[in-house]
Structure formats: structure tokens, C-alpha cells
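**Q** Coordinates for the following, if possible.
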Amino acid sequence: MRIRTRNLISATQAVDVAFKLHRCRDKQVRKTLRHFLVSDIKRMNKSQKQTKANAIILSFLSKMIKDNSSTVAREAVVTLLCLFKKNVWNDARTANVIADSCLMSNKKVYVPAIQFFLGKSKALNEMETSSDSESENEETKIKQLRLRHRVGIKTKGRQKRLDRSIKHVNKEKERKIKKRSELTNFHALNMLHDPQSFAEKLFRKLERCSDRFEIRILILDLISRLIGLNKLILLNFYPFIQRFLRPQQREVTHLLLFSAQASHDQVPPDVMEPLIRVIADNFITERASSEAIAVGLNSVREICARCPYAVTKDLLSDLIQYRSYRNKNVVAAARSIIRLYRQINPEMLPRKECGRLTESQLDVLKYDLPQDVAINFGQSTTSSSIPGAEIVVLASEKLNSKKKESCKMLDKNSDNSKECNNEAIDTRKSCSDDEDSGEKICINNESDESDSEWVDLSHSSEEEDEQNNEDIVMDECNNIEITTKKISMDPSVLKEKALEIATSRIFTQEEFEAMRKYQQTKQKRFVSYSSLRNKHKSDDAYFIVNSDDDEDGENITGVGIQNKDGSLGNLVSMSAITRLVKRPRQTKAERMENIEEGRVGREKYGFKVNRLNAHASTTNREKLKNKTFQMIKHKVRRKTKRSFQEKQVALREHLKKLVKRSR
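**A** So this is what the prediction gives:
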């Protein structure tokens, strides 16, 4: 290692020597060599990517994966995983070499690779963070906090603040590790060259696999993620997993999760319908428990959210009958299926369960717009324009209307001021002509009101003129009927303008965010009854959009099946399958188990020893409390039988000792 750090040998030679030493049976030596190789390759690529050396080392590691020694092959795989997670080798070639290691026959080789793609390798995360710079930074933070606590007065409040700060640093560390592992997994899965052939090879390996059940569960999880993420066609996967869908099966919730994860709208209905029928026959029956019925309904909902034609109309009508079941968890699961089909395909529901249409559903019915999910098998869901681009057109139209309003107001204000000035000049001329003729109309007592008006017009200040002008503007604004908050446009014209804007320029991130909110608002907002009555009149239909709705900071989410970005989620969470609205009643043993789990890592209540070293020796008085009564009964009896003189002597000695201690 010192020879390599002084650049006396190349990196390829160091890797060759290290893997020769990996054949020894010393675990600590292998661990040291692994950390050295990872840090050396990271240091080599720190300033600039060494493409040639990286390619040579990667080809060498791919050969070592196929080595006969399981220890050497496992060390090669773990080295690749560490380099990928540290973003040293995060390219497609490395990801495909790791994928090839998933097809090896030795379980010590392929299990870490599968766990890497699934993000379940705890040992790898610990090994990665043991020498990571971020973990070192967090350790230095904790050291600084402890050093800061040493300076100053020791109080309970300061100690509590120190404990809270250390706990917060550790939580941030765990959150970063979890987030980084999840992002890495998706990054690696998306870089596979041929996911279809990889999934087929994994499935053939699964059929011949004789390893324990936990390893087969890992392979099933990876296959289902590949199918759902890339929308692969692997028709034999669904009959294979149907055999295990029974309430008595071990890890049956994970198997239901994999079934939902592997479903998408490209799978034919004749493959998905038997899967739904098996779940309904085994879980959603009167002889099953309420928890099994709720889990079955939740699984059906998650499958139908990704594949709406997986269930027939008759079976769906039977499933939604559980909305009046006696258990709240079953009722909530049945209602979630009703809410799902209200959004994606209301025609499958009975008439009384359809509910009111939303604005997005009305647009689909009126203008044959594409939906997010295909209702029928083979139906295209592609869109000719960017969804929600109409809000950009409406915003620009609103801005133009405001500009036109301001121009009209300015023109009317100028016209009114000119008319007022002309009238004042005419009155002045008429009054001067009357004075010259000797009639003196303006001095009569009957013309006091006109005389006061004469004074107001001739000697008014600029502020009063501005106030009068403002009143005129307000009056004119009240007379003009312009809708400043609502904009109405023909939907065909709106669609053409949105397509023109989408093809002429690049949208900003703020505009994309406005489009997303606009689409989610349309999915959330119900249509008015007038729109429902006039839905057959396409010529007289208009979009009425409140432009102030998109300026709110509220995060309006879609109903049921959409993520924050508006797309369907490929991965299903376990909470979606096992979701229970009302927790079941726990037994005493379960409650005691939860209590014991809550006590782990918690400080004990009661008396605390107030000394610097909690493990130091105790005083005689503290020892006396822990002694049995048989040991102290003679002393207690002798103390109670003392005479008055003996008590005085004892008190005198006690006072003398206090005086000595006070000095």
C-alpha cells in the first residue's frame, strides 16, 4: 500500500496484487485491502477521470466476478458496489457489470448485487459510510459540540441541549444515507442496456432456484421492479406468483406488493384478470378475516391503478359491495376502489356510485383528450401537446386585457379632462360677454349657487383637480364591464394557441409548476351543472378558469393514484397494501412487547446518582439502604433502646464533626 501511495507501481498492478491477497482467510486483511482499493481509485479519479485505467480495472473486476473462489468473486462485487455508491464509477458499464453478477450461481456473489439494486444492503451502507468524508464531518461536529459543552457552567438545561443536538446530527446522517441509496438504485436500474433480457434471465434463475425463501423473495422483488419501471412483458411471471397468493403464505404482503409493482397498462387483460380473480377468491371472501379482506382490496386497488382493465365489471360490482361491511378497514378499502374508478373509468361503476365529473373528465368526454391511464387495452395515451399549457395562454390573455383596460382608462381620463377644460373656457367667455353688455347676471342673488360654482372652477387647487379626476376614473371604471378575474375562451382556439406557444419557445420552471397545479386543480374541481347540461354543445362550450387559483401557494394533489409530478408511481409502498384505518385490538403480550421496544435507548426513571463517575464507590448511608433487614436489625434495635445520655453524647460528637468540616 505504501508503494502504491508513493506512485512506485500503477493502479492496475496494485489491484492485481490485492486480489491475489484476497484469497487468504484473514477477514481483517480483506477488509483493509478493500478500503484501500476504493480510496485509491477515488483518489486517482479526483482531479480528472482516468478513462483508460478505469476500463482496465473494470474489465479485471468483471473477470474476478467469474472466479471459482467465492471469496474473491464477492470482494470484486463489493468493490464495484462501493465505487458506484461513492459516485466514482457511476456509468452504464459499471451498472451492467453489477447486473451480470446478479446471474451468477453462487449466492454470496449475487445476493449483494440484488440487494444493491433494491437498496436493502445495510452492511454495504455501513461499510460505505465507515470511511466516508461526510461521516467524518459529522463526527467532527459531535466532537465540537462536546468540546463546547465542557466550557461553562454544567447545568441540566445545557446537557439536554447537547443531547438534542447530537440526536439531530445522527438523524440527519441516517436520512442522507437513506436518500442517497434510493437515488442510486433508480440511477442504476435506468442504465441497464437490455432490461427485458435481464428480467427473463432472472426469472429463469428464479424457477430453478433452490435457495431459502428470503433469497427468492429478493429475486422476485427485483423482477417486479424491472417490469414496473420499464413496462416489460413477462407473461409467465403472473401465473408463477399466483401460486403463493394465499393468506396462510409466509410474507404474503410482500408477494401482493410485487404483484401490484409488476402491473402496468401494457399487460394483456387475459393475464391480469386471473391474478385479480385469485386475490378475490383467496382474500376477499366472507370466510376470511377482516384484515385479510382489507389487504386484498388494497392490493386490487393498487393493481387497477396501474392496469384499469384488470378487473371485469361484474367483479368490480361485487368488490364495491364491501362499502357497507361491518369493519371500518374493509369499508375504507372498498371506498378507495370506488374513488379510483370515479377518476379513471366511471362507466365501470353503477350509476349511483359514479359521482360528479371533474373538469378534466369533462374535457376528455368533450374533446377526446388523452387520459393518464389507458382504459382499454391497446388504447394510446399520448398527447399532441403539453398538458396544462392552456394556463400560459390564459395568463398572457389576462395580461393583455389588463393593458387594454389601462389604455382605455387613460384615454377616457384624457377625453374627460379636455371636455371639462372646454366647458370652463366657454363659461368664462359667456360671463365676460354678459359683464360687457351691462346685464351682470353673475352678481344677482338668485345666482349664488352658480357664483359658487364659478369660484370653484376658477380658483381650485391642483390637489382638488386630481381628486376630481380620480373620482371620474372610478366612475368610468364602474361603468365599464370588463371581467378582470375570469377569462373565457373558445376551447379550440385555446388548444391551438397552447400548441403554438409550446412549439415556439421553451417553458420555464415556474410555468411548468403552474401547468402542474392547473392540471391537478382540474382533476380536483367538480364541474358545474350547467356544463353537464351543455356538454353536447361543443360550439357554445367555454373554459371558465379563475386565474387567481394558480397564484395560491396551496399544494393541490390529485386523487388517488398520482405522484407530485402528476405521473403514476411505478413502485408501491408497503403502507399502501397494509393500510388500516383502525388499528386492531392488541393482546397483553403485544402491548408489553411494544412497551419493551419503547424502553430501548431511553434513560431510566427514578433516582440518579449525582457524582462525576457513576461507577465510583458509594457512601455508607447508600450501602445501608441496599442491605437486607437481617444485617441491620441489631443496629436498629440498639439505636431505639438508647438512653437519653447516650443520645446527648452522640449529638455532641456529631456537632464536633460538623465544626471540623466547616473549617
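
**Q** Now do the domain split for the protein, please.
**A** 2-149+156-189, 195-367, 392-479, 633-663 (automatic domain parsing).

**Q** Output the lowest mean pLDDT helix or strand found in this protein.
**A** strand 543-546 (a mean of 35; mean pLDDT, DSSP states H and E).

**Q** on that earlier part again, which of the domains of the chain is buried the deepest?
**A** Mean neighbours per residue, mean count of other C-beta atoms under 10 Å, is largest over those for domain 195-367, with a mean of 18. Glycine gets a C-beta too; all of them are placed from N, C-alpha and C.

**Q** what mean pLDDT does that one have?
**A** In this model, domain 195-367 carries a mean pLDDT of 89.

**Q** of all the domains of the chain, which lies closest to Ile577?
**A** domain 195-367 (5.2 Å; C-beta to C-beta).

**Q** Only C-alpha atoms, please: export stretch 285-303 in PDB.
**A** Only the C-alpha atoms of stretch 285-303 are listed here, as PDB (Å, rounded to 0.1, in the frame of the first residue of the first chain):
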ATOM      1  CA  THR A 285     -64.400 -13.700   1.000                       C
ATOM      2  CA  GLU A 286     -66.700 -13.900   3.900                       C
ATOM      3  CA  ARG A 287     -64.700 -16.700   5.500                       C
ATOM      4  CA  ALA A 288     -61.500 -14.600   5.600                       C
ATOM      5  CA  SER A 289     -60.700 -12.200   8.400                       C
ATOM      6  CA  SER A 290     -61.400  -8.500   8.100                       C
ATOM      7  CA  GLU A 291     -57.600  -7.800   7.900                       C
ATOM      8  CA  ALA A 292     -57.200 -10.200   5.000                       C
ATOM      9  CA  ILE A 293     -60.200  -8.600   3.200                       C
ATOM     10  CA  ALA A 294     -58.800  -5.100   3.700                       C
ATOM     11  CA  VAL A 295     -55.300  -6.200   2.400                       C
ATOM     12  CA  GLY A 296     -56.900  -7.900  -0.600                       C
ATOM     13  CA  LEU A 297     -59.000  -4.800  -1.500                       C
ATOM     14  CA  ASN A 298     -55.900  -2.600  -1.200                       C
ATOM     15  CA  SER A 299     -54.000  -4.900  -3.500                       C
ATOM     16  CA  VAL A 300     -56.700  -4.900  -6.100                       C
ATOM     17  CA  ARG A 301     -56.800  -1.100  -5.900                       C
ATOM     18  CA  GLU A 302     -53.000  -0.800  -6.500                       C
ATOM     19  CA  ILE A 303     -53.100  -3.200  -9.400                       C
END
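
**Q** Where does Gln379 sit: helix, strand or coil?
**A** coil (DSSP: H, G, I helix; E, B strand; the rest coil).

**Q** all strands in this protein, in order from the N-terminus.
**A** Applying DSSP state E to the chain gives strands spanning 486-489, 543-546.

**Q** Next one: His193 from Ile577, what distance?
**A** Using C-beta to C-beta, to the nearest Å, His193 is found at 32 Å from Ile577.

**Q** And these two? Which one has more around it.
**A** Neighbours per residue (other C-beta atoms under 10 Å) separate His193 from Ile577, with Ile577 holding more: 22 against 11.

**Q** got a list of what the more buried one touches?
**A** By C-beta atoms under 8 Å, 6 or more residues apart in numbering, the contact list for Ile577 reads 253, 256-257, 260, 295, 298-299, 302.

**Q** for the stretch 1-150 of the chain, what spans make up the helices?
**A** For the stretch 1-150 of the chain, the helices defined by DSSP state H, counting those that start in this stretch cover 2-5, 11-21, 27-44, 51-65, 70-85, 92-101, 107-118, 122-130, 133-150.

**Q** what's the closest of these to Glu511?
**A** helix 92-101 (32.3 Å).

**Q** quick one, that closest one and helix 51-65 angle?
**A** 0 degrees (axes from the mean of the first three to the mean of the last three C-alpha atoms, to 10 degrees).

**Q** so what does helix 92-101 touch, helix or strand wise?
**A** helix 51-65, helix 70-85, helix 107-118, helix 156-189 (3 or more C-beta pairs under 8 Å, 6 or more residues apart in numbering; DSSP states H and E).

**Q** Correct me if wrong: Met574 contacts Leu256.
**A** No - judged on C-beta atoms under 8 Å, Met574 makes no contact with Leu256 at a distance of 9.6 Å.

**Q** nearest residue to Leu61 other than its sequence neighbours?
**A** Ala76 (4.7 Å; C-beta to C-beta, 6 or more residues apart in numbering).

**Q** Now do the contacts for the one you found.
**A** Neighbours of Ala76 in contact, by C-beta under 8 Å, 6+ apart: 19, 61-62, 64-65, 67.

**Q** hang on, Lys66 packs against Phe60?
**A** No - the pair Lys66 / Phe60 is not scored as a contact, 11.5 Å apart, by C-beta under 8 Å.

**Q** follow-up on the earlier one: out of the domains of the chain, flag the one nearest Leu612.
**A** domain 2-149+156-189 (13.2 Å).

**Q** Endpoints of the closest one, how far apart?
**A** End-to-end distance of domain 2-149+156-189 (C-alpha to C-alpha, to the nearest Å): 37 Å.

**Q** Next: stretch 240-249.
**A** Start-to-end, stretch 240-249 (C-alpha to C-alpha) is 14 Å.

**Q** Contacts for that stretch, please.
**A** By C-beta under 8 Å, 6+ apart, stretch 240-249 touches 203, 206-207, 220, 252, 255-256, 258-259, 262, 274-275, 278-279, 282-283, 288-289, 292.

**Q** how about a cut-off of 10 Å?
**A** 203, 206-207, 213, 216-217, 220, 223-224, 234, 250-252, 254-256, 258-259, 262, 274-275, 277-279, 281-283, 285, 288-289, 291-293, 295-296, 299 (C-beta atoms under 10 Å, 6 or more residues apart in numbering).

**Q** go on, stretch 51-69?
**A** With C-beta under 10 Å, 6+ apart, stretch 51-69 has contacts from 10-12, 14-16, 19, 22-23, 37, 41, 44-45, 50, 72-77, 79-80, 83, 88-89, 91, 93-94, 96-98, 100-101, 104, 106, 109-110, 113.

**Q** Over to stretch 624-639?
**A** Contacts of stretch 624-639 (C-beta under 10 Å, 6+ apart): 618, 646-647, 650.
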